[in-house]
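Asker: Sequence first, predicted model second:
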Amino acid sequence: MDPSYAQKIGVNNKELLISQPNFAEEALEITDHLVASGALDIIVVDSLQHLGPRAELEGEMGDYPVGAQARLMSQALRKLTATIHKTNTTCIFINQLREKVGVIFGSPEVTPGGRAFKNFLAQFE
């Protein structure tokens, strides 16, 4: 986050709680604790694409545990769903839209982190 840019567009930085964890697991645990506390009305996680699982980030270059991020996001959303409903906290998860290379049939668009967010969105509405 760029605090000076945020201030220019009207954000009061003094009212923000900013956390920059190293791994997706840490970010999602922090999010869960903040939601459970009921102390915040809105929590923004930016961005899902950059929430790398510990196994991926601590592994060797080129190693990528297939589906690790998707499994982690699915588990986190199952855990967060009940807590969000109890506390009435709004959680905003920012993600990116990517394109698969070489797709001929169907949409080449994909969102990182698996399908969990599309499935859980319906539960939050």
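Answerer: Noted; the coordinates are in hand.
Asker: quick one: the helices in this structure?
Answerer: Secondary structure of the chain, counting by DSSP state H: helices at 3-8, 24-37, 54-57, 68-87, 116-124.
Asker: closest to Gly102 out of those helices?
Answerer: Checking the helices of the chain against Gly102 by Cβ to Cβ gives helix 68-87 as the closest, at 20.7 Å. Glycine gets a C-beta too; all of them are placed from N, C-alpha and C.
Asker: contacting residues for the residue sitting nearest the centre point of the chain?
Answerer: The chain has Leu48 as the residue nearest its centroid, 3.8 Å off, counting by Cα atoms, centre = their mean. Listed by Cβ atoms under 8 Å, 6 or more residues apart in numbering, the contact set of Leu48 reads 73, 93-96, 111-113, 117.
Asker: now with 6 Å?
Answerer: 93, 95, 113 (Cβ atoms under 6 Å, 6 or more residues apart in numbering).
Asker: Name the spans of the chain whose pLDDT lies under the cut-off.
Answerer: 121-125 (pLDDT under 70).
Asker: Most distant residue from the centre of it?
Answerer: Going by Cα atoms, centre = their mean, the residue of the chain most distant from its centre is Ile104, 29.3 Å out.
Asker: For stretch 63-80, which outside residues touch it?
Answerer: 24, 28, 32, 53, 55-56, 113-114, 116, 120.
Asker: could you redo the last one with a cut-off of 7 Å?
Answerer: 24-25, 28, 31-32, 35, 48, 53, 55-56, 91, 112-114, 116-117, 120 (Cβ atoms under 7 Å, 6 or more residues apart in numbering).
Asker: Which of the contacts of Leu48 are buried? Put it as a PyMOL command.
Answerer: Buried subset of the contacts of Leu48, written as a PyMOL selection, criterion 16 or more other Cβ atoms under 10 Å:
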select buried, resi 93+95+113
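Asker: Tell me the one of the contacts of Leu48 nearest Lys86?
Answerer: The closest of those, once distances to Lys86 are taken by Cβ to Cβ, is Phe93, at 18.6 Å.
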